[in-house]
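Participant: Sequence first, predicted coordinates after that:
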Amino acid sequence: MKWLIAVLIALAGIVLIILMVGALLPRGHSSSRTARYQESPVEIWYAITEYSRFPEWRKNIKQVEGLPAVNGQPSWRETDSHGNVIPYEVIESTPPQRMVTRIAHPKLPFGGTWTYQISSAPDGATVLRITENGEIYNPAFRFVARFFLGYSATQEQYLRDLGNRFGQQVNLEN
């Protein structure tokens, strides 16, 4: 019985430490990742803006539902492989060079924007840079994101999935 109490106290201590460290971490973070593709900027633009086709090439997206436009810009809801549903909206769009999207649900434990910048490289490749300016409101989630997942894991998966869509293996750059 004493060992059970000791284990419970140890677990409570670990949870408390995680919450304390998470509370000390900043809510906001920024990360950028870049990849090169052989397709034209227009082809990359269409791939990243054809939301209904995301389940065809993004590994973790199982369903996309279109939502009413917000301020004349597209919005949609993604359901991932774990059943999590996240609504997004475009807040800025300059085809085929730049787009800014944001998570459109204020009650999630995280939020923020992704800025997609598409440019042509001198070698003929198309460069896609994704910059995340995110916030993680829950201290436990902040701890996990900082020490276990990393802030750029979703961007990296997105860029790799986009390469797979075009039959390419991409190298990620910071």
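Facilitator: Looks like it came in fine.

Participant: buried ones in the helix or strand containing residue 7?
Facilitator: Assigned by DSSP states H and E, residue 7 belongs to helix 2-24. Of all the residues in helix 2-24, those buried under the rule 16 or more other Cβ atoms under 10 Å are 18, 22. Every C-beta, even on glycine, is put in place using the N, C-alpha and C of the backbone.

Participant: can you list contacts of it?
Facilitator: Counting by Cβ atoms under 8 Å, 6 or more residues apart in numbering, the neighbours of helix 2-24 from elsewhere in the structure are 138-143, 146.

Participant: if we go to 7 Å?
Facilitator: Among residues not part of helix 2-24, those counted as contacts by Cβ atoms under 7 Å, 6 or more residues apart in numbering are 139-140, 142-143.

Participant: Let me see the mean pLDDT of that helix.
Facilitator: On average, the pLDDT along helix 2-24 is 89.

Participant: rewinding a little: would you show me how to pick out the buried ones of the contacts of helix 2-24 in PyMOL?
Facilitator: A single PyMOL command selects the buried members of the contacts of helix 2-24 (16+ other Cβ under 10 Å):
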select buried, resi 139+142+143
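
Participant: give the contact list for residue 105.
Facilitator: When the contact criterion is Cβ under 7 Å, 6+ apart, the partners of residue 105 are 86-87.

Participant: start the count at 32, not 1, going forward
Facilitator: All right, first residue 32 from here; so that's residue 136.

Participant: Need the three-state assignment for it.
Facilitator: Secondary structure for residue 136, judged by DSSP: H, G, I helix; E, B strand; the rest coil, is coil.

Participant: Tell me the spacing between it and residue 102.
Facilitator: 17 Å (Cβ to Cβ, to the nearest Å).

Participant: Nearest residue to the middle of the protein?
Facilitator: Nearest residue to the geometric centre of the chain (Cα atoms, centre = their mean): residue 185, 4.3 Å.

Participant: which residue packs closest to that residue, ignoring adjacent ones?
Facilitator: Nearest in space to residue 185, with sequence neighbours left out and distances taken as Cβ to Cβ, 6 or more residues apart in numbering, is residue 163 at 7.6 Å.

Participant: That neighbour contacts residue 142, doesn't it?
Facilitator: No - counting by Cβ atoms under 7 Å, residue 163 sits too far from residue 142 to count as a contact (10.9 Å).

Participant: tell me how far the lowest-mean-pLDDT helix or strand in the chain is from the chain's mean position?
Facilitator: Ranking every helix and strand in the chain by mean pLDDT, DSSP states H and E puts helix 33-55 at the bottom, with a mean of 89. Distance, stretch centre to chain centre, for helix 33-55: 30 Å (Cα atoms, centre = their mean, to the nearest Å).
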